[in-house]
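1. Pasting the sequence and the predicted coordinates here, then a few questions.
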Amino acid sequence: MTIVRILFIASFFFLLSLKNVEIIAITLGALILATFIWDKSIRLFIKSVKSVILFNLGVSLGYLILAWFKNISPWHYILYINLKVILMTYFVFWFFSKVSLVQFFSFSKDLSYLLTITLSQIYSYKKTFVDFRDAFRARVVNIRDKEKTFIVNTFRFFFEKALRDSKERTLAMKSRGFFEE
């Protein structure tokens, strides 16, 4: 497993060091093609794009506005940053679809513990959200009328839950020696 970690980290930093848009595009295309041949699906690529689209859109719009004020052409940089973020995200998703996240971080007791806490919270929140969504769909006839209220109330619930849970997690981590006072 140590060699896998070293290869992942080396590959990650190699991909991070790429500066040429054409090489980034070719690398991304090769990774997508290899995954398609291996898994017969492009779902992982679609998942990668979905997970970064909001971030990329925000950064791209911000850069477009800045470039407009400074009278410079933004297209090369926008293409570069968007391809780079998608490549890095796709690579990480691809790697962890092949290697267990828990096994990858098993070399460190502290990282394993933090990963366990994080994953348990993610799965707990995901299940709660799915339950909320299913209950909303089952009880509301005209979803569009109540959708905004549902989103606001769900966001408020998870925000308050995160604050409460963070206090509990902090106490648990302190009791296990993560913070020195």
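-> Sure thing, it's come through.

2. Neighbours of N56, how many?
-> 19 (other C-beta atoms under 10 Å). All C-beta spots, glycine's among them, are computed from the backbone N, C-alpha and C.

3. What distance do you get for it to L87?
-> Counting by C-beta to C-beta, to the nearest Å, the gap from N56 to L87 is 12 Å.

4. Same check on Y113?
-> 31 Å.

5. With S108 instead?
-> As defined by C-beta to C-beta, S108 lies at a distance of 27 Å from L87.

6. Look at these two and report which has more neighbours.
-> A direct count of neighbours by other C-beta under 10 Å for S108 and L87 places L87 higher, at 21 against 10.

7. and the helix or strand harbouring Q121, which residues are buried?
-> Under the criterion of DSSP states H and E, Q121 resides in helix 109-139. Across helix 109-139, burial judged by 16 or more other C-beta atoms under 10 Å covers L115, F136.

8. Then stretch 76-95?
-> For stretch 76-95, the neighbour count (16+ other C-beta under 10 Å) marks 77-78, 80-91, 94-95 as buried.

9. I'd like the average pLDDT over that stretch.
-> The average of the pLDDT scores along stretch 76-95 is 89.

10. Any chance you could list what contacts it?
-> Applying C-beta atoms under 8 Å, 6 or more residues apart in numbering, the external contacts of stretch 76-95 come out as 8, 11-12, 15-16, 18, 21, 24-25, 27-28, 31-32, 35, 44-45, 47-49, 51-52, 55-56, 59-60, 63-64, 67.

11. from what I can see Q121 touches D165, true?
-> Yes. Q121 lies in contact with D165 (C-beta atoms under 8 Å); the separation is 6.6 Å.

12. Walk me through the domains of the chain.
-> The chain resolves into domains spanning 2-99, 109-175 when parsed by automatic domain parsing.

13. circling back: tell me which residues of the following helix or strand past the helix holding Q121 are tucked away?
-> Scanning forward in sequence from helix 109-139 by DSSP H and E, the next helix or strand is helix 143-175. Within helix 143-175, the residues that count as buried by 16+ other C-beta under 10 Å are F150, R169.

14. Not counting its neighbours along the chain, what's nearest the residue sitting nearest the centre point of the chain?
-> Centroid-nearest residue in the chain: S51, 5.7 Å away (criterion: C-alpha atoms, centre = their mean). Spatially, and ignoring its direct neighbours in sequence, S51 is nearest to T89 (6.2 Å; C-beta to C-beta, 6 or more residues apart in numbering).

15. how about low-confidence regions in this structure?
-> Within the chain, the segments meeting pLDDT under 70 span 1, 179-181.

16. Buried ones among the contacts of stretch 76-95?
-> Among the contacts of stretch 76-95, the ones that count as buried by 16+ other C-beta under 10 Å are 8, 15, 18, 21, 24, 27-28, 31-32, 35, 44-45, 48-49, 52, 56, 59-60, 63.

17. All good on my end, thank you.
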